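K.L.:
sequence isn't available, so here's the structure alone:
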Ligand code: FAD
């Protein structure tokens, strides 16, 4: 099923992001996570793609295939393009078709000095146009409530985001954020810019101090004072930080839901306990 059908039926989606385990030995263990996640009946599960070589993509596909055919949940496969040429993207398209994968999150990918960049796809919008012309996928794009770190300003960010949607992105999945007001303003800006596809907020429950430090350097999300207080108070107390981080994420999600957003996309970090507790907290609300 193409996940765009969900939104055509005005359904509010619940979805998860997971990543393929790095080692062969861990691929078996992913079943324990998938069993819990799929019992929560998500509308889709997206599978990340660590850029750098087609063998990486095989892992993403392997996991997506498992989700679709063993767990009967719709997968969304992430695909980056900056380090691939047309022939490589063509072979990814072939694999997606042969596996019956219908949903793709089309991304540029982060710049990485260790990975040479190619010229065929400089931006996600180039990949989106190409997938649109050369496949029959539901295409999602990435968006950033607080601007992508490389963006000059919000105006150019909106201009290029609109380009992605005009190229064929049927929904947008957001980078994680901790301040809902920033997300609400972002959605307003999208609507003003004529971007009328569903914009799904990405939420990551923060449950340990190392994760918080990684977040600060990686995605540049701002930390509202209420959240900073939690971190300062509990960063040396694992159990307390877990409880407080979960409660914070839940309160963020409930606030988003009462404001009629199009869905919730949960960054699970492959942790089924986290996903389970969040879903338990919103079972009668979503
Ligand atoms: P783009 O849409 O190309 O945007 C990147 C920057 O270029 C922005 O500043 C944009 O404003 C600007 N821009 C866009 N078009 C133009 C243009 N025509 N001219 C000039 N500037 C332009 N990375 C992975 O490697 N694997 C993953 O699985 C993965 N999953 C992700 C999932 C989500 C939901 C999100 C939000 C991000 C994910 N990423 C992943 C990270 C993503 O690859 C990076 O954030 C990357 O730096 C940008 O990707 P993009 O698709 O948003 O790029």
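P.N.:
All right, it came through fine. Please read these numbers as outputs of a predicted model, since none were measured by experiment.
K.L.:
number of residues surrounding residue 279?
P.N.:
Residues lying near residue 279 (other Cβ atoms under 10 Å) number 21. For every residue, glycine as well, the C-beta is placed using N, CA and C.
K.L.:
gap between it and the ligand?
P.N.:
To the ligand, residue 279 is 19 Å away according to Cβ to the nearest ligand atom, to the nearest Å.
K.L.:
Provide a list of residues in contact with that residue.
P.N.:
Residue 279 makes contacts with 14, 40, as judged by Cβ atoms under 8 Å, 6 or more residues apart in numbering.
K.L.:
outside of the strand or helix carrying residue 228, which residues touch it?
P.N.:
According to DSSP states H and E, residue 228 maps onto helix 225-234. Contacts to helix 225-234, defined as Cβ under 8 Å, 6+ apart, come from residues 178, 179, 206, 209, 212, 223, 240, 241, 244, 245, 248.
K.L.:
at 10 Å what do you get?
P.N.:
178-179, 206, 209, 212-213, 221-224, 240-245, 247-248, 251-252 (Cβ atoms under 10 Å, 6 or more residues apart in numbering).
K.L.:
now that helix: how far from the chain's centre is it?
P.N.:
Put simply, helix 225-234 sits 25 Å off its chain's centre (Cα atoms, centre = their mean, to the nearest Å).
K.L.:
what's around residue 143, how many residues?
P.N.:
Counted with other Cβ under 10 Å, residue 143 comes out at 28.
K.L.:
am I right that residue 142 falls within a strand?
P.N.:
Yes - counting by DSSP: H, G, I helix; E, B strand; the rest coil, residue 142 falls inside a strand.
K.L.:
okay, and the closest residue to residue 282 other than its chain neighbours sits in which element?
P.N.:
Spatial nearest neighbour of residue 282, chain neighbours left out: residue 253 (6.0 Å); criterion: Cβ to Cβ, 6 or more residues apart in numbering. If you go by DSSP H and E, residue 253 is part of helix 238-258.
K.L.:
now the contacts of helix 225-234: which count as buried?
P.N.:
178-179, 206, 209, 212, 221, 223-224, 241-242, 244-245, 248, 252 (16 or more other Cβ atoms under 10 Å).
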